[in-house]
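Undergrad: coordinates for the following, if possible.
(4 chains)
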2 protein chains.
Amino acid sequence: MKLDTIDKKLLELLQNDAKQTTKVLSLQLNLSKTAVYERIRKLEKEGVIKGYTALLDKKKIDKAFVVFCHVRLTQHTKEHVVGFESDVIRLEEVLECYHVSGDYDYILKVNVADMQAYRNFMTSKLTSLKHIGSTHSIFMIEEVKNTTVVEL
Amino acid sequence: MKLDTIDKKLLELLQNDAKQTTKVLSLQLNLSKTAVYERIRKLEKEGVIKGYTALLDKKKIDKAFVVFCHVRLTQHTKEHVVGFESDVIRLEEVLECYHVSGDYDYILKVNVADMQAYRNFMTSKLTSLKHIGSTHSIFMIEEVKNTTVVEL
DNA sequence: ATTGAAAGATGCCACTT
DNA sequence: AAGTGGCATCTTTCAAT
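TA: Down below sits the predicted model:
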């Protein structure tokens, strides 16, 4: 789908505040509210907008502990890769998992309450998955920036 | 703020779809819509809910290239740390930046269109920041999982 | 926490550029 | 093709209980 300048502006506005009314959006875009409404509908239908979410303060929900965990597999056959990926997706503590280039195979972003919870996650969940060769944890000292907003 | 079982359920529902009406939410929580409304207001006011955002499909907005960049500073004085952090926050390509433990100081999650754009970001933006000692880039081959939804 | 009601937003329509 | 203005319906918001 081709996005014009108005679509891009609209997507930026919706990333910054998804609850703005079409009326408020229409004033910022110099369009009628129906035109804005139709554009949003189209962006949703085309899958450009995947959904809308509430962003929570991790400190206030007792999930302030973030760890990047590097994972190496024992082997890299299709069966091992597919197996690991389908298992890791189901772990609720793993918010993100990327297959990456370099010295290890995957980077996991793990989000739990504290070190104790992380230890528990590692011993009873992650390392009990099949095909894991080694792991290496990097602990977050401070979140300097964390946004979901992509500039267009 | 103390969150009860209903608050936690409500936050999970809002993380999964922030555009659900209070009526729909109230049916799932067995509450009146005004009660749901008051709870949401309180969670917003207390800062548990930081905001609402539209989630976009990175492939469809031509930002499918994700790189983890490890950064080491030349020194670790307060001045160097504060200077680097305030500079990196302003880079729109950097969606996330964490001060971490281990062999390097920061992990950056960089989101751009393609390798060419990343090369450009590195040479004209990141490496021109002061106090940077070294960088190491890890390229994403595939996004296996990426959610903002925290289980409560 | 609930009901009920006013104020406001959405979603759809016929029509215009 | 995409934009407008208005109207019916649904939601949000708030007062009273």
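
Undergrad: tell me which element A:Phe84 is part of?
TA: In the assignment (DSSP states H and E), A:Phe84 maps to helix A:78-89.

Undergrad: neighbouring contacts of the following helix or strand past that helix?
TA: On the C-terminal side of helix A:78-89, the closest following helix or strand by DSSP H and E is strand A:94-100. Identification of contacts with strand A:94-100 by Cβ atoms under 8 Å, 6 or more residues apart in numbering or on different chains yields A:81, A:85, A:88-89, A:105-111, B:66, B:68, B:138-150. No exception for glycine: its C-beta is placed from N, CA and C like everyone else's.

Undergrad: can you tell me the closest non-neighbouring residue to A:Val66?
TA: Excluding the flanking residues, the one nearest A:Val66 by Cβ to Cβ, 6 or more residues apart in numbering or on different chains is A:Met140, at 4.1 Å.

Undergrad: who does that neighbour bridge with?
TA: B:Val100 (DSSP bridges).

Undergrad: residues near it, how many?
TA: 19 (other Cβ atoms under 10 Å in any protein chain shown).

Undergrad: my read: it touches A:Lys63, true?
TA: No: if you go by Cβ atoms under 8 Å, A:Met140 and A:Lys63 don't touch, sitting 11.9 Å apart.

Undergrad: now the helix or strand A:Gln116 falls within: average pLDDT?
TA: Counting by DSSP H and E, the element that carries A:Gln116 is helix A:115-124. Average pLDDT, helix A:115-124: 98.

Undergrad: list of residues touching that helix?
TA: By Cβ under 8 Å, 6+ apart, helix A:115-124 touches A:65, A:67, A:69, A:91, A:93, A:110, A:112, A:135, A:137.

Undergrad: ditto for stretch A:64-78
TA: Identification of contacts with stretch A:64-78 by Cβ under 8 Å, 6+ apart yields A:58, A:80-81, A:84, A:103-115, A:117-118, A:122, A:126, A:131-140, A:143, B:98, B:100, B:107.

Undergrad: and the residue of chain A most remote from its centre, what's its pLDDT?
TA: Most distant residue from the mean C-alpha position of chain A: A:Ser32, 33.0 Å away (Cα atoms, centre = their mean). pLDDT recorded at A:Ser32 is 96.

Undergrad: so for the most centrally placed residue in chain A, what's the pLDDT?
TA: In chain A, the residue lying closest to the centroid (Cα atoms, centre = their mean) is A:Glu96, at 5.7 Å. Looking at A:Glu96, its pLDDT is 97.

Undergrad: what sits against A:Thr21?
TA: Counting by Cβ under 8 Å, 6+ apart, A:Thr21 has no contacts.

Undergrad: separation between it and chain B?
TA: 12 Å (Cβ to the nearest Cβ, to the nearest Å).

Undergrad: so how far is B:Gln28 from that residue?
TA: 24 Å (Cβ to Cβ, to the nearest Å).

Undergrad: walk me through the domains of chain A.
TA: The record's domain parsing of chain A by automatic domain parsing lists A:5-45, A:65-139.

Undergrad: could these be laid out in CSV, adding distance to DNA strand D?
TA: Shown next, in CSV, are the domains of chain A (distance: least, Cβ to the nearest atom of the strand, whole Å):
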stretch, distance to DNA strand D
domain A:5-45, 3
domain A:65-139, 27
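
Undergrad: is it possible to get CSV of those that adds distance to B:Glu44?
TA: Below are the domains of chain A laid out as CSV (distance: least, Cβ to Cβ, whole Å):
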stretch, distance to B:Glu44
domain A:5-45, 10
domain A:65-139, 22
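
Undergrad: ok, which of these comes nearest B:Val36?
TA: Each of the domains of chain A has some distance to B:Val36 by Cβ to Cβ; the shortest is domain A:5-45, at 15.2 Å.

Undergrad: which SSE is A:Lys8 in?
TA: Per DSSP H and E: helix A:5-16 holds A:Lys8.

Undergrad: residues contacting that helix, please?
TA: A:3, A:20, A:25, A:28-29, A:31, A:36, A:39-40, A:43, A:48-49, A:148-152, B:51, B:53-54, B:56, B:61.

Undergrad: is DNA strand C contacted by it?
TA: No: figure legend: helix A:5-16 not in contact with DNA strand C (Cβ under 7 Å from any atom of the strand); closest approach 11.0 Å.

Undergrad: pLDDT on that helix, on average?
TA: 98.

Undergrad: got the buried residues for it?
TA: A:7, A:9-11, A:13-15 (16 or more other Cβ atoms under 10 Å in any protein chain shown).

Undergrad: sorry, back to before: Produce a PyMOL select command limited to the buried residues of the contacts of stretch A:64-78.
TA: PyMOL command restricting the contacts of stretch A:64-78 to the buried ones, with burial defined by 16+ other Cβ under 10 Å:
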select buried, (chain A and resi 58+80+81+84+104+105+106+107+108+109+110+111+112+117+118+122+126+131+132+137+138+140) or (chain B and resi 98+100+107)
